[in-house]
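S.K.: no sequence on hand, only this structure:
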């Protein structure tokens, strides 16, 4: 299955991109990223036009990137601006592709499709990252699975009961509540636990084990795989505004058909300056995503083989699968719209 | 080449299968095995019907196996008996394949073909494993080679002279004696050393280096690759019943076309309670099979590439190859009988 | 792309080949090499005719090579001369391919093509290796790249400025000088630095940093990939005969389409008996080839994928690429001559 190209994907955290070259394969294309001296983030094809050496093996010279093999230099638009050899003439074809980037909320977004249709208004917002009301921890993990297997995981949070000991609840898995959104490209997956004993995670956050509470996990998905999880906890029956809020970003960017860049960030609106808590939350996130979700999703990819189309294998579907099935159908529709001539199964 | 499916294959040693889930790929199919609380061995497809997560990542709850991803529970027949979500309705299609098992002589046998034709009377017997007259040591090794390359190895024991220093004999390799069996699906390969100085192995077993003896190695093969090696040693010219007997089982189960599960067990009818000797014999077996046979067989697989049909490469054949060639032809005949429409080279 | 077969390839250094079996895959064929008791180098197909076990897992018995699996013995012509089993009859087909070898200048050359056209007069000469006027150090490295990517590297030495800190020169990369040769199968790539401050390499060799010199790097290429680099340094404007000379052999032999055996040897006509210098020069060579060239060339291979035809990807070409493009065209012409019926892109 091809990738949606006309979309904004997370290429990295803003703090990752600086004067050190960052090489990352995105949607099967090798990309090199850096910042100009004035701080502008740049993304170029990571393949010199001359001999196809990775430009990420070269070095920045001011705002130009010098190939580490034979010294051709490219500017931030991808144009070769220096051939250091002979009469220094630069062949007209000596240029590499440059990609549109946009920085918002500490995220570097990349547009891999038709530059003419790159509309920054379509970038999803994560205002918690810039807000003093929130403190955030963030992580990255490479996953050996198609990105849609990870969206599936995130759109069915009942798995917390089975996969994540910290989220196991004596009363059973969270309850899935269907919900819809006026935007046809947005999917919500709402999982509620009302009047349940809090799980280990909330005990860790200071909620007493013998007290009941209302716990919500509301996942918002946007194509191709930009997700925001709204986590909250209140006393029983109290409005959300009284409780704590832990908005968590899950940004999935395909590397190849069977590997994915998984960026996540967990914010909180309490104890914002408690750095020991930040450290513990980071450890919890790393443990859950790297040690519990990732092995299961990768085992799933192995089980289904090379296919990137789970539904073609006719899985048994439960009501809790409706958000992930809807998300997969939106991806198919967007692919057909983008590539009308392409056969999408 | 496909695998013979209507046959009993060794899935594991009985002692391996318990309340801990065992995952093993057999004939290209992922299988999970466990025992019910009453001790019944169970084998199910290791792939949840819901999202294809390996069930071996889940856990046993009584006699049901709970998927570790979203909690669907399967009974020993492979039927989903619990959907823990929503209205708890279980989709009709929610079931995984279950495989017929039979336990005999400490071996768990699995039937991967048409369940209707699973005839336990066809299971080969290894009575030495249950008999007080014998003590046994057993091992398992994964081999990166097609199972028939391992049968070939075992059906031409002249290799002992070259591959196994412990079996090298100053008088040269063992003598191959053609023999036949009334059963058209049984192949015998008999290798005799009469009046030879004993080799290091028999010296290890206590036979004096300066004494002559009769040494027999008689391999019995049954399709697809269930083998029993009758090893014995007597004084020159004496009947077998006077000597020692070391019956050894070699049970080969394909994992994939180019990888095999190799189960072996070496029994003896002397010094049955000598545990130091058992330990030494285990070490000898592990050394010979893992360090001497396995590298050669794997190198052979590399040399012939991906093919699983050695004979198609036109090897030069010697008289000593007749048992392995006969075994390969029986496999082809059984494949054609089982899958008449299939083109078998 | 197929390999040129009717050519002499370096199979190894003479000192590598002795009474210990050497296994090496050349042009996709497994080869085993050894010396007879009288010192003759021998190369045979490394695959027993019987069961395709690698003969390199066997052992030399005098001038015959005994297979380590079932004991068939082959002489230096590849004929099976002993079947140790049964009536000892040797099947007529029991023979393995033998390859013509020739030793010159400390190099074992192998002919992988039609034996009738193996003309030793076509072997390129490296007289420095046998000459008392020179001292040499030599190395070998396996490279995960098509051999032509390595020739490209060696035929455009401007890369020294960017890839090799030791060869970086404040005045910029070396100047490429076109040159030709009366032999249509020989390519020269000449790189000169006139009146430049010497680089770190020459400072290491004792040239004062504040003195100008003339530095030449003249690469001679012969199909398929036998190369000699004539390196020299003189005072400004002085004849070559007054300076030092560092002839360096670069012998590339394909292992597979995407892996190559890279043999190199660096000779010098000064301080021939300075063993500490020899040791330092060896370290420099290993560092440059293994740690600087190899990673870049292997990254290039990854970037271009499985193709072995760089030019089909339409790289931007500079004047400095003309030697490597010419070499690639000669390879194509020779392939077409050798295999007229073959479609070569």
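M.R.: Looks like it came in fine. Given the structure is predicted, the values throughout are model-derived calculations rather than measurements. Residues are numbered from 1 along each chain as shown, chains lettered A, B, ... in the order given.
S.K.: show residues contacting the longest helix along chain A.
M.R.: For chain A, the helix with the greatest residue count under DSSP state H is helix A:322-338. Applying Cβ atoms under 8 Å, 6 or more residues apart in numbering or on different chains, the contact partners of helix A:322-338 are A:1-2, A:4-7, A:113, A:148, A:151-152, A:155-156, A:178, A:184-185, A:187-189, A:219, A:221, A:223-224, A:310-311, A:317, A:342, A:344. Placement of C-beta: from N, CA and C, glycine included.
S.K.: those residues also near chain B: which ones?
M.R.: With Cβ under 8 Å from any Cβ of the partner chain as the criterion, those include A:152, A:156, A:310, A:317 near chain B.
S.K.: checking the first one next. Helix, strand or coil?
M.R.: Classification of residue A:152 by DSSP: H, G, I helix; E, B strand; the rest coil places it in helix.
S.K.: so it makes contact with residue B:53?
M.R.: No. Between residue A:152 and residue B:53 there is no contact, the gap being 10.8 Å when judged by Cβ atoms under 8 Å.
S.K.: quick check: beta-bridge partners of the residue of the stretch 101-250 of chain A found nearest chain C?
M.R.: Using Cβ to the nearest Cβ, the closest approach of the stretch 101-250 of chain A to chain C is made by residue A:142 at 16.8 Å. Beta bridges link residue A:142 to residue A:261 when assigned by DSSP bridges.
S.K.: OK, contacts around it?
M.R.: By Cβ under 8 Å, 6+ apart, the contact set of residue A:142 is A:255, A:259-262.
S.K.: in its sheet, what does the longest strand that chain A contains sit against?
M.R.: Counting by DSSP state E, the longest strand found in chain A is strand A:244-256. Strand pairing for strand A:244-256, determined by DSSP bridges: strand A:226-235 (antiparallel), strand A:259-268 (antiparallel).
S.K.: so which of those is the most surrounded?
M.R.: strand A:259-268 (a mean of 22; mean count of other Cβ atoms under 10 Å in any protein chain shown).
S.K.: so how far is stretch A:50-61 off the chain centroid?
M.R.: Its chain's C-alpha centre and that of stretch A:50-61 lie 27 Å apart, by Cα atoms, centre = their mean, to the nearest Å.
S.K.: quick one: contacts of that stretch?
M.R.: Contacts of stretch A:50-61 (Cβ under 8 Å, 6+ apart): A:19, A:21-23, A:30, A:32, A:34, A:44-48, A:65-70, A:72-74, A:94, A:96, C:152, C:162, C:295-296, C:299-300, C:303-304, C:310, C:313, C:315-318, C:321.
S.K.: tell me the pLDDT at the residue of the stretch 101-250 of chain A closest to chain C?
M.R.: What the model reports as pLDDT for residue A:142 is 98.
S.K.: could you measure from it over to residue A:56?
M.R.: Noted for residue A:142: a distance of 17 Å to residue A:56, by Cβ to Cβ, to the nearest Å.
S.K.: okay, now the unreliable bits of chain A?
M.R.: Applying pLDDT under 70 to chain A picks out residues A:194-198, A:342-345.
S.K.: what parts of it come near chain C?
M.R.: A:30, A:46-47, A:49-54, A:57-58, A:66-71, A:80, A:83-87, A:91, A:93-94.
S.K.: what angle separates the longest helix of chain A from strand A:226-235?
M.R.: Using axes from the mean of the first three to the mean of the last three Cα atoms, to 10 degrees, the inter-axis angle of helix A:322-338 relative to strand A:226-235 is 160 degrees.
S.K.: tally of neighbours for residue A:51?
M.R.: Other residues lying near residue A:51 total 28 when counted by other Cβ atoms under 10 Å in any protein chain shown.
S.K.: oh, I was asking about residue A:15
M.R.: Count around residue A:15 with other Cβ under 10 Å applied: 9.
S.K.: and it, what does it touch?
M.R.: Here residue A:15 is in contact with residue A:106 (Cβ under 8 Å, 6+ apart).
S.K.: then residue A:307?
M.R.: Residue A:307 makes contact with residue A:313 under the criterion Cβ under 8 Å, 6+ apart.
S.K.: could you do residue A:201 as well?
M.R.: Per Cβ under 8 Å, 6+ apart, neighbours of residue A:201: A:166-167, A:284.
S.K.: now name the helix or strand holding residue A:202.
M.R.: helix A:200-204 (DSSP states H and E).
S.K.: check which residues of that helix are buried.
M.R.: Applying a neighbour-count criterion of 16 or more other Cβ atoms under 10 Å in any protein chain shown, one finds A:201-202 buried in helix A:200-204.
S.K.: what does whichever helix or strand comes after it contact?
M.R.: Note on helix A:200-204: by DSSP H and E, the next helix or strand toward the C-terminus is strand A:213-222. Outside strand A:213-222, the residues that touch it by Cβ under 8 Å, 6+ apart are A:124, A:151, A:154-155, A:157, A:160, A:174, A:181, A:185-196, A:198-199, A:202, A:207, A:227-238, A:240, A:243, A:323, A:327.
S.K.: out of these, which end up buried?
M.R.: A:124, A:151, A:154-155, A:157, A:160, A:174, A:186-191, A:193, A:196, A:198-199, A:202, A:207, A:227-234, A:243, A:323, A:327.
S.K.: any chance of the strands paired with strand A:244-256 in CSV, plus distance to residue B:118?
M.R.: Below are the strands paired with strand A:244-256 laid out as CSV (distance: least, Cβ to Cβ, whole Å):
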stretch, distance to residue B:118
strand A:226-235, 48
strand A:259-268, 41
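S.K.: report the contact partners of the nearest residue to residue A:172 once chain neighbours are set aside.
M.R.: Setting aside the residues directly before and after it, residue A:172 is nearest to residue B:84 in space (Cβ to Cβ, 6 or more residues apart in numbering or on different chains), at 6.1 Å. Contact analysis of residue B:84 by Cβ under 8 Å, 6+ apart lists A:158, A:161, A:172-173, B:71-73.
S.K.: and residue A:96, by the same measure?
M.R.: By Cβ under 8 Å, 6+ apart, the residues touching residue A:96 are A:44-45, A:47-49, A:55, A:74, A:78, A:80.
S.K.: how much space between it and chain B?
M.R.: Separation of residue A:96 from chain B (Cβ to the nearest Cβ, to the nearest Å) stands at 38 Å.
S.K.: outline the domain layout of chain A.
M.R.: A:15-99, A:125-338 (automatic domain parsing).
S.K.: ok, back up a step: what subset of the residues of chain A next to chain C is buried?
M.R.: For the residues of chain A next to chain C, buried by 16+ other Cβ under 10 Å: A:30, A:46-47, A:49-54, A:57-58, A:66-71, A:80, A:83-85, A:94.
S.K.: next step: those residues restricted to strands.
M.R.: A:30, A:66, A:80.
S.K.: out of those, who's nearest chain B?
M.R.: Nearest to chain B among those: residue A:30, at 30.0 Å, using Cβ to the nearest Cβ.
S.K.: how near is the nearest residue to the closest one once chain neighbours are set aside to chain B?
M.R.: Residue nearest to residue A:30 in three dimensions, not counting chain neighbours: residue A:46, with 3.8 Å by Cβ to Cβ, 6+ apart. To chain B, residue A:46 is 33 Å away according to Cβ to the nearest Cβ.
S.K.: got a list of what residue A:46 touches?
M.R.: Contacts of residue A:46 (Cβ under 8 Å, 6+ apart): A:23, A:30-32, A:54-56, C:303.
S.K.: who wins on neighbours among those residues?
M.R.: The contacts of residue A:46, ranked by neighbours (other Cβ under 10 Å): first place residue A:55, 29 neighbours.
S.K.: contact partners for the closest residue to residue A:260 other than its chain neighbours?
M.R.: Counting by Cβ to Cβ, 6+ apart, residue A:260 lies nearest to residue A:147, which is 4.3 Å off, once chain neighbours are set aside. Residues near residue A:147 by Cβ under 8 Å, 6+ apart: A:224-225, A:252-254, A:260.
S.K.: now residue A:147: how far from chain B?
M.R.: Distance from residue A:147 to chain B, by Cβ to the nearest Cβ: 15 Å.
S.K.: try residue A:217
M.R.: 14 Å.
S.K.: that residue: how many residues sit nearby?
M.R.: Around residue A:217 there are 20 residues (other Cβ under 10 Å).
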